[in-house]
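# after the sequence you'll find the predicted model.
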Amino acid sequence: MDLDRIEIEIECPRCSFFAKILYRDARLRDVIICRGCKGNIQLDDHMNACRKAKRQVAAAFQELEDAFAKLNKAITLRF
């Protein structure tokens, strides 16, 4: 799963206009232009929250995959 393509909705601190950004933009701390007031918004990945979230999602998917593998071994079909 590519988290970099997930859209996040943020609010402009100046005009309160909502804008959609990509997860990648937040992770890379890009500057985006508000479509409401045309001001620059500097994105900040405070304390690397994006990297931590990406790790947590990867761990959750690994846990889910392991659970499916165990479930597959526990099920026996009898005819």
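In hand now; what should we look at?
# C-alpha from now on. contacts and neighbour counts both.
Noted.
# just the strands in the chain please.
In the chain, the segments counted as strands under DSSP state E are 7-11, 18-22, 31-33, 40-42.
# for these, which one sits closest to L64?
Closest approach to L64 among the strands of the chain (CA to CA): strand 7-11, 23.4 Å.
# other residues contacting that closest one?
With contacts defined as CA atoms under 8 Å, 6 or more residues apart in numbering, strand 7-11 is touched by F17, F18, A19, K20, I21, L22, Y23.
# list the neighbouring strands of it plus their orientation.
Strand 7-11 sits in its sheet next to strand 18-22 (antiparallel), going by DSSP bridges.
# mind listing what's buried in the partner strand?
A19, I21 (16 or more other CA atoms under 10 Å).
# go on, stretch 62-75?
So for stretch 62-75, nothing qualifies as buried (16+ other CA under 10 Å).
# so that it lines up with my notes, have the first residue be 57 from now on.
All right, first residue 57 from here; so that's stretch 118-131.
# what's the average pLDDT for that stretch?
For stretch 118-131, the mean per-residue pLDDT is 81.
# can you list contacts of it?
Around stretch 118-131, nothing counts as a contact under CA under 8 Å, 6+ apart.
# try it again at 10 Å.
Applying CA atoms under 10 Å, 6 or more residues apart in numbering, the contact partners of stretch 118-131 are Q112, V113, A114, A115, A116, F117.
# and the last one, how close does it get to R61?
Note on F117: its distance to R61, by CA to CA, to the nearest Å, is 17 Å.
# which stretches of the protein form helices?
79-83, 105-130 (DSSP state H).
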